[in-house]
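Peer 1: Show me the folded form of this:
(chains A and B)
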There are 2 protein chains.
Amino acid sequence: MVLLIHHPVSPHARKVRLQMSEKKMLFILREEEPWKLSDDVYKLNPAGELPIFLNDGVVICGNYAISEYLEEVSKEVQLIFGDVKQKAEIRRLCEWFDNKFYQEVYRNLVVEKVHKRFAKGSAPDSKILKAGLNNLNFHMEYTDFLLERRKWLAGDDISLADLSAAANFSILDYLGDVPWDEFKNTKIWYSKMKSRPSFKDILKDNIRGILPAKHYMNLDF
Amino acid sequence: MVLLIHHPVSPHARKVRLQMSEKKMLFILREEEPWKLSDDVYKLNPAGELPIFLNDGVVICGNYAISEYLEEVSKEVQLIFGDVKQKAEIRRLCEWFDNKFYQEVYRNLVVEKVHKRFAKGSAPDSKILKAGLNNLNFHMEYTDFLLERRKWLAGDDISLADLSAAANFSILDYLGDVPWDEFKNTKIWYSKMKSRPSFKDILKDNIRGILPAKHYMNLDF
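Peer 2: Numbers count the residues shown, from 1 in each chain, chains lettered A, B, ... in the order given. Here you go, the predicted structure:
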């Protein structure tokens, strides 16, 4: 049985959970707080990052390595698919959300509100939050632009890019930070994502000490 | 003919150049300054990041997408190879250097010294430089640990992980920031990397306005 070491506040872990659920893989979760990782976690992953995938003595670390690994070992449902150009487009957008969105939005909003509180007991810096919300607007202009032209972020079918984006949005949505009404296409897309069976567990996530925004679990907002 | 839009200060561009050279692909380079990207670059890559790969109307953006694309279209020399576990190890270390090393070392040293100077004309902050050098020591302890046990970073053969790491180290080395003598295994490994034909062009790189450290082009330091 697969064990995934994760935390509900980790977008990379949410992405991998969504990917395994879309592939109908069975797995169990173990929670570790990213701001207070145990020595065991560092032994498994010297990078000190979540998620960590364990299965029958195989340990895979890093969201890029895990996602590509899952595509190779479980081929029935493919989330990186198509010709080389289509695959490149899926990976470009994964990198966009896993790294660019993470640095420009997640760090300014989630690290500032959640990690800082639990790691240091300190309050968020309003300037950093404001920068994060501005950046979020820029990113949502881009998702809206893409979704005006495409059914899913990278093309006609749901792909790893959608999971990566939705994983990030779902944490911001938990905190009530997403201006959905200003970005209609992204709102419709996220509501489709939310309705997928793979999303059920994500909507039950609970970040200890922080209640989710009222609409978090609501499928039609 | 492949055109790569790059800059000698971009580790992700250096990685892709090394990867194409190892694969004996022919390509031409066009330089764009990362701190003053033209509108053309934003049109090609809305993320505003280098490198950008162009070939016969195909545009690939993002170092993750480009590297995986190159592995798929040019299979004779493989840089992500082996069984699923070996591939995951290569990708884990690519992610380590492309993202973790980039955030913890590159941003503190290269962005601080080079980007800031050309973008804003301002001097580096000594606290940030110090943090970057401390982080660099931590990363080199890890490369030394790996290279004590392995011939190359991810195992017995040279892989994309070595290119990704060497791309980063080569920029720091240009600036004279790498404490090679304290990390013997990493020094030997880098000297092997430097001697490869694929590295020749990297050693001729010139960051306008900044002279390379004396030993930068010296194959045996």
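Peer 1: Stretch A:172-183 vs chain B: in contact?
Peer 2: No - against chain B, stretch A:172-183 shows no contacts by CB under 8 Å from any CB of the partner chain, the least distance being 16.0 Å. From N, CA and C alone the C-beta is placed, and that goes for glycine too.
Peer 1: Stretch A:137-147 too?
Peer 2: Yes - using CB under 8 Å from any CB, stretch A:137-147 reaches chain B at A:Y142.
Peer 1: Where do the strands of chain A begin and end?
Peer 2: A:2-6, A:27-31, A:52-55, A:58-61 (DSSP state E).
Peer 1: chain center to the second one: distance?
Peer 2: Using CA atoms, centre = their mean, to the nearest Å, the distance from the centre of strand A:27-31 to the centre of the chain it belongs to is 16 Å.
Peer 1: what do you get for the third one?
Peer 2: Distance of strand A:52-55 from the chain centroid (CA atoms, centre = their mean) equals 18 Å.
Peer 1: Equivalent analysis for stretch A:101-118, please.
Peer 2: With CA atoms, centre = their mean as the basis, stretch A:101-118 stands 13 Å off its chain's centre.
Peer 1: Which elements pack onto the longest helix belonging to chain A?
Peer 2: The helix that spans the most residues within chain A, counting by DSSP state H, is helix A:126-149. On a contact count with 3 or more CB pairs under 8 Å, 6 or more residues apart in numbering or on different chains; DSSP states H and E, helix A:126-149 meets helix A:184-194.
Peer 1: Packing partners of the helix it packs on?
Peer 2: For helix A:184-194, the elements it packs on are helix A:126-149, helix A:160-174, judged by 3+ CB pairs under 8 Å, 6+ apart.
Peer 1: In CSV, list the C-alpha atoms belonging to the first one.
Peer 2: C-alpha atoms of helix A:126-149 as CSV (Å, rounded to 0.1, in the frame of the first residue of the first chain):
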residue,chain,number,x,y,z
SER,A,126,0.1,43.3,5.5
LYS,A,127,2.5,44.5,2.8
ILE,A,128,3.4,40.9,1.9
LEU,A,129,-0.2,39.9,1.9
LYS,A,130,-1.1,42.8,-0.4
ALA,A,131,1.7,41.8,-2.8
GLY,A,132,0.4,38.2,-2.8
LEU,A,133,-3.2,39.3,-3.6
ASN,A,134,-1.9,41.5,-6.4
ASN,A,135,0.1,38.6,-7.8
LEU,A,136,-2.9,36.3,-7.5
ASN,A,137,-4.9,38.7,-9.7
PHE,A,138,-2.2,38.5,-12.4
HIS,A,139,-2.2,34.7,-12.2
MET,A,140,-6.0,34.6,-12.5
GLU,A,141,-6.0,36.9,-15.4
TYR,A,142,-3.8,34.4,-17.1
THR,A,143,-5.9,31.3,-16.1
ASP,A,144,-9.0,33.3,-17.3
PHE,A,145,-7.3,34.0,-20.6
LEU,A,146,-6.4,30.3,-21.1
LEU,A,147,-9.8,29.1,-20.1
GLU,A,148,-11.5,31.5,-22.5
ARG,A,149,-9.8,29.6,-25.3
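Peer 1: quick one, it and helix A:184-194 angle?
Peer 2: 90 degrees (axes from the mean of the first three to the mean of the last three CA atoms, to 10 degrees).
Peer 1: Helix A:126-149 versus helix A:160-174: what angle between them?
Peer 2: Using the same axes, to 10 degrees: helix A:126-149 against helix A:160-174 is 140 degrees.
Peer 1: what's the closest of the strands of chain A to chain B?
Peer 2: strand A:58-61 (4.8 Å; CB to the nearest CB).
Peer 1: can you list contacts of that closest one?
Peer 2: Here strand A:58-61 makes contact (CB atoms under 8 Å, 6 or more residues apart in numbering or on different chains) with A:L44, A:N45, A:A47, A:E49, A:I52, A:F53, A:L54, A:I66, A:Y69, B:K85, B:A88, B:R92.
Peer 1: can you tell me how far A:D173 sits from chain B?
Peer 2: Distance, A:D173 to chain B, using CB to the nearest CB, to the nearest Å: 23 Å.
Peer 1: now A:D162
Peer 2: Distance of A:D162 to chain B, computed by CB to the nearest CB: 16 Å.
Peer 1: for A:L129, same thing?
Peer 2: 20 Å.
Peer 1: try A:V41
Peer 2: From A:V41 to chain B the distance is 15 Å (CB to the nearest CB).
Peer 1: what's the longest helix of chain A in contact with?
Peer 2: With CB under 8 Å, 6+ apart as the contact definition, helix A:126-149 has outside contacts at A:101, A:104-105, A:107-109, A:112-113, A:153, A:165, A:172, A:177-179, A:182-186, A:188-189, B:46.
Peer 1: filter the contacts of strand A:58-61 to the buried ones?
Peer 2: Among the contacts of strand A:58-61, the ones that count as buried by 16 or more other CB atoms under 10 Å in any protein chain shown are A:L44, A:N45, A:A47, A:E49, A:I52, A:F53, A:L54, A:I66, A:Y69, B:A88, B:R92.
Peer 1: Next, the third one: phi, psi?
Peer 2: Backbone torsions of A:A47, given as degrees, to the nearest 10, read phi -70, psi -20.
Peer 1: wait, what's in contact with it?
Peer 2: A:C61, A:G62, B:R92, B:W96, B:K100.
Peer 1: if we can go back for a sec, quick one: which two of the contacts of strand A:58-61 are the most distant?
Peer 2: Across the contacts of strand A:58-61, the longest distance by CB to CB is 18.9 Å; it joins A:E49 and B:K85.
Peer 1: Wait, A:A165 touches A:L153, no?
Peer 2: Yes - assessed by CB atoms under 8 Å, A:A165 is found in contact with A:L153 at 5.9 Å.
Peer 1: so what sits against both of these two?
Peer 2: A:L93, A:T143.
Peer 1: can you pull the pLDDT of A:D220?
Peer 2: Reported pLDDT at A:D220 in the predicted model: 78.
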